[in-house]
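Asker: Below: sequence and its predicted model.
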Amino acid sequence: MMTPLQGLSTLKEFTVERFSSWERSGGNVDSRRVEAGATHTLAELGGAGIVKHIWITIACDDPMIRRRLVLRMFWDGEEHPSVEAPIGDFFGQGWGEKYLWASLPLAAGPVGGNALVCYWPMPFGRGARIEVENQSELPVGALYYYVDVERHGSMPDTEGRFHAWWNRELTVPETGHENEWQIFGPEPKTLTDRHNYLYLEAEGRGHFVGVNHFVDCPTPVWYGEGDDMFVIDGEPWPPRLHGTGTEDYFNTAWCPRTERFQHPLYGFGRLNDNIGWLGRTHCYRFHIEDPIPFKKSLRASIEHGHGNVLTLDLCSVAYWYQTEPHRPFPPLRPVAQRLNMPEIGVREIHQWRDAWRKAMGGGALWGHERPDMPR
């Protein structure tokens, strides 16, 4: 494994350049205001180089600004963005929340997860543009940022362009009801990825380098029996990369729930810690040491429960490198479809108990009775 320190002493031939929000008059108001509905360009440059580091922090009265502020990146004068995602999700902050987490390419640091940091290298050969669009009804009062760039005379053809795509789906059980863990009978068999939750569909040559996976689970049942599947270059079923469960793809084991673990390449940035697996969990896996290459296409997906039997609110940001032009992304969901599902808590669980009593004819007291039990 090549460590970040390897080759550090070798003298460098490139030059460096920074785009930041510093106050040009020499004062200390080192931020930019982004009005509601406005787009602000963080960096626009010609020539060749590699974006090596991005740091951003945001001050806004909108509590969901991290879902309403959209980050886009364009390489080499392209019309369609190679990166398009709500800014919080891109940096590994789901649900518009702020929380500390750390990985090798991405982090949210002090104070309280307000410092959004990216170290993904992003090459370009004929210019680049990085921008944010404020889709909130409120202004961003202060946007602070650094974009640090290595400048090179040219960029070899072997350098892919960085891509990131946000997706969201409120999944629907393919069986018609949520039959996880065989609670309601035999489990379904899965011989297709057609109904899986989609991480990405890419066309061209490239390699997949990871995903931030955000799951809001409305049931106490474990959400992660679903297998990951990577269909490379349109290969026939079964794909050569077929997993055994969500916890296994994210390098954990046995339905993790309360152990927050953050490795540079995988782990849990946030855990629900509610009843069972009810609530919000952020999983991540970065294929920096084991990228998944493709020559023509890649379809990356994961089941929502074994056989796609669960209703889940799933969001993700997939990260990959590839040749241009890339397959244009579907239109970004409008703001109303990017907001959170209502949280399920004590009141809702109490209502579930009442519904169970009524289903048992009104005689159930404990909430665990079966029809064959004495009353």
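Answerer: Great, that's in hand.

Asker: list the contacts for Ser21?
Answerer: For Ser21, the residues meeting the contact criterion (Cβ atoms under 8 Å, 6 or more residues apart in numbering) are Asp30, Ser31, Arg32, Leu143, Tyr144, Tyr145. In this view, the C-beta of every residue, glycine as well, is placed from N, C-alpha and C.

Asker: got it, and Thr323?
Answerer: For Thr323, the contacting residues are Gly160, Arg161, Gly204, Arg205, Gly206, taking Cβ under 8 Å, 6+ apart as the criterion.

Asker: How many neighbouring residues does the third one have?
Answerer: Yep, that's Gly204 we're talking about. 18 (other Cβ atoms under 10 Å).

Asker: Kindly format the C-alpha coordinates of stretch 204-217 as PDB.
Answerer: Included here for stretch 204-217 are C-alpha records, laid out as PDB according to Å, rounded to 0.1, in the frame of the first residue of the first chain:
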ATOM      1  CA  GLY A 204     -17.500   4.700 -20.900                       C
ATOM      2  CA  ARG A 205     -14.200   3.500 -19.400                       C
ATOM      3  CA  GLY A 206     -13.400   4.100 -15.800                       C
ATOM      4  CA  HIS A 207     -13.300   2.800 -12.200                       C
ATOM      5  CA  PHE A 208     -15.600   3.000  -9.200                       C
ATOM      6  CA  VAL A 209     -14.000   4.300  -6.100                       C
ATOM      7  CA  GLY A 210     -16.700   4.300  -3.400                       C
ATOM      8  CA  VAL A 211     -20.100   5.400  -2.000                       C
ATOM      9  CA  ASN A 212     -21.600   7.200   0.900                       C
ATOM     10  CA  HIS A 213     -24.900   5.300   1.800                       C
ATOM     11  CA  PHE A 214     -27.500   6.900   3.900                       C
ATOM     12  CA  VAL A 215     -30.400   4.800   5.200                       C
ATOM     13  CA  ASP A 216     -33.500   5.900   7.100                       C
ATOM     14  CA  CYS A 217     -35.200   2.800   8.400                       C
END
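
Asker: which of the residues in it are buried?
Answerer: Going by neighbour count (16 or more other Cβ atoms under 10 Å), the buried part of stretch 204-217 is 204-206, 208-217.

Asker: What ranges does the chain have for its helices?
Answerer: Assigned by DSSP state H, the chain shows helices spanning 65-68, 87-90, 246-249, 346-359.

Asker: rewinding a little: which one of the contacts of Ser21 is nearest Gly49?
Answerer: Looking at these and their distance to Gly49, the nearest is Tyr145, at 17.3 Å (Cβ to Cβ).
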